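Peer 1: sequence plus the predicted model coming up.
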Amino acid sequence: MATKTEFNNPVVRWVDERLPVFTYLDHEYNQFPMPKNLNYWWNFGALASVVLVLMIVTGIMLAMQYTAHVSMAFESVERIMRDVNYGWLLRYIHMNGASMFFIVVYIHVFRGLYFGSYKAPRELLWMLGVVIILLMMATAFLGYVLPWGQMSFWGATVITNLFSAIPFVGDWIVTWLWGGFSVDNPTLNRFFALHYLMPFILFAVVGLHVVAVHITGSNNPTGVDVQSPRDTVSFHPYFTAKDSVGLVLFLFVFAAFVFFAPNYFGEPDNYIKANPLQTPPHIVPEWYFLPFYAILRAVPDNFIGAWMGFTLINAKLAGVIAMFGATIVLFFLPWLDTSKVRSARYRPVYKWFFWVFLADCLLLGYIGSQPAEGAFIWIGRAATAYYFAHFLIVFPVLGWFETPKPLPTSISEPVLKENS
Amino acid sequence: MRMKVLVIAAAFLAGISSAQASGEKIELPQIDWSWKGPFSGFDKAQLQRGLQVYTEVCATCHSLGLVAYRDLADLGYGEEEIKAYAGNYEVQDGPDDEGEMYTRPAIPSDRFVAPFPNENAARASNNGAYPPDLSLMVKARKDGTNYLYAMMIGYADEAPEDIQLMEGMNYHKYFAGHQIAMPQPLSDGVVEYTDGTEATLDQQAKDVTAFLAWAAEPELEERKSLGIKVLLFLFVLFVMAVAVKKAVWRDIKH
Ligand code: HEM
């Protein structure tokens, strides 16, 4: 921000001399140099930002009509659906928006995994991304409890009960979280307060994430650093135009679900009001938690106890640790990956492992949706083991053994060659 | 790469739907409902017949607490008809100036009056079973419309020999566990349709299903018609965005 931009509009100039927000915007979103070879996988960060704003806006409007009380929450949501003008639209956008948010962010993350965007100098940017995922999960879990349907209630019961696995103080912590001796009105009240709060924290972290990406600049499909202005184009109009294409296409898909299959991602049981006396036959989390749910249930009883020789850690705690570990391990990825080459395009072996890992995550998702019995248990364990092996073994080892393909000398080189 | 991505996306969406179908597999009859297509809505005459079935049969046991009488305007009824319909029911109101509670005839802004004052009363009259509220029934079960229809037609006179029916239970082909506390509510000619349609079991089952599908999603028609406009708008915008992007990038080799 060394040089200030000159503006013609006197009001803009007056403000900018005192608080250079316009200079900042001009630098970061107008002139900002972007690698010119970015493909559409680079749309998803912008899409996630749009969804985040959409969630906050619809969420605030829903909160104006919602009542956080166990005897009224379910009915108040139905009042929104039936009696509030376009209430059904607000609620269906918010509901499907959560699924869209996870789809977009998961794609965004896998984009990073494929093109090696987590490597130096973007480690901190990547770690902020992992914080974002954790915050998103917490926010989505809290929000799902609010309509106070059967899955809301029983999901909240199952997840909060996980904390009882913590040695010595577990039960005490669970009681503290609940604000009582079961999931009840105090729980619903605080979940509402927190669900309103978290997105703003999320917003702040996304802000840092975006500032960080503007310090290092975007990675690109070749993974080769930008070397000269020949490799880049300005953000506006080139990427505003390109992001718009992706955005409109995304909104089309989003709208198709909202208007024509609004309950596709949902569970029918959540249209039954919560009943603490009746456990649903099959408690399943929302689809975006399924891989983690599979990991949670994958740790066999007594496995850790028998293996490590002490029983302080029981199977439940080990499961919880594995589940959180599945996300935490991402923090260390920039250092676990020992390869000097970023993009999978020039990593012939890693490329295969990438697709296998993606398949493993989808498999875990499927296992998470099935009852923990029979063959599913063993498949779940194997897939969990592979998940961690991918990070703890494949990434470090592959970097030493793999012979990368020759890298282009610059971003422009492959393009110029093709065209000559 | 593009193929791979498409395959993964398809597997993902299929996975979500199959993930939701688990437990004992009971195949439901699949009916071609009039409101299932992207452009189609409810048949008002059918909804009116369904209301008649609900009123004359189901309402003796099941509440419909999320629907208000005024909502019946969607079915094509006028203000006076709705007032008259609501007036058939009594609601408790008050306290009045003397501090007494009193009953008065229901008005259009009231919600459908429940047959029993509370759950215990409902259970006491139904052998201990609770007839659930039907407002959201269609959304609260997998494949809800077909499920509701199946509930109506799935009774059999004789249970198969390997099934031991419990006291007061009825054999049902589609209900989970095959024993249901609800006695068969519909059979040929239970209601006499005011519009002259022949009241076969199948016809009544379909009509009441349509009515309850509307009760669960009264916004359905408005939602779809707005949806078509939104998608059309986004489609045009997409064509424009692609054109703009092409024009902007024309001179860039990348
Ligand atoms: C609320 C969720 C998120 C939002 C709104 C968001 C937003 C953005 C935006 C606008 C960009 C720049 C455009 C782009 O390259 O796509 C970006 C880049 C990036 N994000 Fe995110 N992000 C989110 C979550 C995540 C998560 C969960 C991770 C990883 C764990 C992540 C990792 C990255 C990385 C590594 C980059 C740099 C990409 C590159 O230039 O190659 N982000 N993000």
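Peer 2: It's in.
Peer 1: for residue A:353, list the residues it contacts.
Peer 2: Shown in contact with residue A:353 (Cβ atoms under 8 Å, 6 or more residues apart in numbering or on different chains): A:390, A:394, A:398. To be clear about C-beta, it is placed using only N, CA and C from the backbone, and glycine gets the same treatment.
Peer 1: mind checking the SS state of the closest residue in space to the last one that isn't next to it in sequence?
Peer 2: Spelled out, it's residue A:398. Nearest residue to residue A:398 in three dimensions, chain neighbours excluded: residue A:350, at 5.7 Å (Cβ to Cβ, 6 or more residues apart in numbering or on different chains). For residue A:350, the assignment made with DSSP: H, G, I helix; E, B strand; the rest coil gives helix.
Peer 1: burial measure for residue A:350, as a count.
Peer 2: Other residues lying near residue A:350 total 24 when counted by other Cβ atoms under 10 Å in any protein chain shown.
Peer 1: who touches it in this structure?
Peer 2: If a contact means Cβ under 8 Å, 6+ apart, then residue A:350 has A:339, A:344, A:398, A:402 as its contacts.
Peer 1: which of those fall within helices?
Peer 2: residue A:398 (DSSP state H).
Peer 1: out of the contacts of residue A:350, which is nearest to residue B:236?
Peer 2: Nearest to residue B:236 among the contacts of residue A:350, counting by Cβ to Cβ, is residue A:344 at 36.7 Å.
Peer 1: contacting residues for that closest one?
Peer 2: Going by Cβ under 8 Å, 6+ apart, residue A:344 touches A:114-116, A:350-351, A:354.
Peer 1: what's the closest of those to the ligand?
Peer 2: Among the contacts of residue A:344, residue A:115 lies closest to the ligand (Cβ to the nearest ligand atom), at 6.0 Å.
Peer 1: so what's the closest one closest to, chain neighbours aside?
Peer 2: Nearest non-adjacent residue to residue A:115 (Cβ to Cβ, 6+ apart): residue A:343, at 4.9 Å.
Peer 1: now residue A:149, what are its backbone angles?
Peer 2: Residue A:149 adopts backbone torsions of phi -90, psi -180, taken as degrees, to the nearest 10.
Peer 1: now do the strands in chain B.
Peer 2: Using DSSP state E, the strands assigned to chain B run over residues B:90-93, B:102-105, B:170-171, B:179-180.
Peer 1: same check, this time on chain A
Peer 2: Assigned by DSSP E, the strands in chain A fall at A:33-35, A:232-234.
Peer 1: the first one: how far from the chain's middle?
Peer 2: Its chain's average C-alpha position is 25 Å from that of strand A:33-35, according to Cα atoms, centre = their mean, to the nearest Å.
Peer 1: buried set for that strand?
Peer 2: For strand A:33-35, the neighbour count (16 or more other Cβ atoms under 10 Å in any protein chain shown) marks A:34-35 as buried.
Peer 1: mind listing what it pairs with, with the direction of each?
Peer 2: Strand A:33-35 pairs in its sheet with strand A:232-234 (antiparallel), by DSSP bridges.
Peer 1: quick check, the strand it pairs with touching the ligand?
Peer 2: No - against the ligand, strand A:232-234 shows no contacts by Cβ under 6 Å from any ligand atom, the least distance being 12.7 Å.
Peer 1: can you check stretch A:55-75 too?
Peer 2: No - judged by Cβ under 6 Å from any ligand atom, stretch A:55-75 stays clear of the ligand, getting no closer than 9.4 Å.
Peer 1: and that stretch, average pLDDT?
Peer 2: Mean per-residue pLDDT for stretch A:55-75: 98.
Peer 1: format the CA atom coordinates belonging to it as PDB.
Peer 2: Extracted in PDB, the C-alpha atoms of stretch A:55-75 (Å, rounded to 0.1, in the frame of the first residue of the first chain):
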ATOM      1  CA  MET A  55     -25.700 -17.400   5.500                       C
ATOM      2  CA  ILE A  56     -25.200 -14.400   7.800                       C
ATOM      3  CA  VAL A  57     -27.900 -12.400   6.100                       C
ATOM      4  CA  THR A  58     -30.500 -15.200   6.000                       C
ATOM      5  CA  GLY A  59     -29.500 -16.200   9.500                       C
ATOM      6  CA  ILE A  60     -30.100 -12.800  11.000                       C
ATOM      7  CA  MET A  61     -33.500 -12.600   9.300                       C
ATOM      8  CA  LEU A  62     -34.400 -16.100  10.600                       C
ATOM      9  CA  ALA A  63     -33.300 -15.100  14.100                       C
ATOM     10  CA  MET A  64     -35.900 -12.300  14.000                       C
ATOM     11  CA  GLN A  65     -38.700 -14.800  13.900                       C
ATOM     12  CA  TYR A  66     -37.200 -17.800  15.800                       C
ATOM     13  CA  THR A  67     -37.900 -18.600  19.400                       C
ATOM     14  CA  ALA A  68     -35.200 -20.500  21.300                       C
ATOM     15  CA  HIS A  69     -37.400 -22.400  23.800                       C
ATOM     16  CA  VAL A  70     -37.900 -26.200  23.900                       C
ATOM     17  CA  SER A  71     -41.700 -25.800  23.800                       C
ATOM     18  CA  MET A  72     -41.700 -23.300  21.000                       C
ATOM     19  CA  ALA A  73     -38.700 -23.700  18.800                       C
ATOM     20  CA  PHE A  74     -40.100 -26.400  16.500                       C
ATOM     21  CA  GLU A  75     -43.400 -24.500  16.000                       C
END
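Peer 1: contact partners of it?
Peer 2: In this structure, residues lying in contact with stretch A:55-75 by Cβ under 8 Å, 6+ apart are A:76-77, A:79-80, A:84, A:87, A:90-91, A:93-94, A:97-98, A:101, A:143, A:146-149, A:184-185, A:188-189, A:191-192, A:195-196, A:199-200, A:203, A:273-274, B:66.
Peer 1: go on, stretch B:34-46?
Peer 2: Stretch B:34-46 is contacted by residues A:260, B:75-76, B:195, B:206-207, B:210-211, B:213-214, B:220-221, B:224, B:227-228 when judged by Cβ under 8 Å, 6+ apart.
Peer 1: excluding its backbone neighbours, what's nearest the closest residue to the ligand within the stretch 301-420 of chain A?
Peer 2: Going by Cβ to the nearest ligand atom, the ligand is nearest to residue A:330 of the stretch 301-420 of chain A, at 5.8 Å. Spatial nearest neighbour of residue A:330, chain neighbours left out: residue A:130 (4.7 Å); criterion: Cβ to Cβ, 6+ apart.
Peer 1: ok, that neighbour touching residue A:327?
Peer 2: Yes - here residue A:130 reaches residue A:327: they are 6.5 Å apart, a contact under Cβ atoms under 8 Å.
Peer 1: tell me how many other residues surround residue A:58.
Peer 2: Using other Cβ under 10 Å, residue A:58 is surrounded by 18 other residues.
Peer 1: kindly report the same for residue B:95.
Peer 2: Residue B:95 has 9 neighbouring residues, counting by other Cβ under 10 Å.
Peer 1: got a list of what the closest residue to it other than its chain neighbours touches?
Peer 2: The spatial neighbour of residue B:95 that comes closest, neighbours along the chain excluded (Cβ to Cβ, 6+ apart), is residue B:101 at 5.8 Å. Taking Cβ under 8 Å, 6+ apart, we find residue B:101 in contact with B:92-95.
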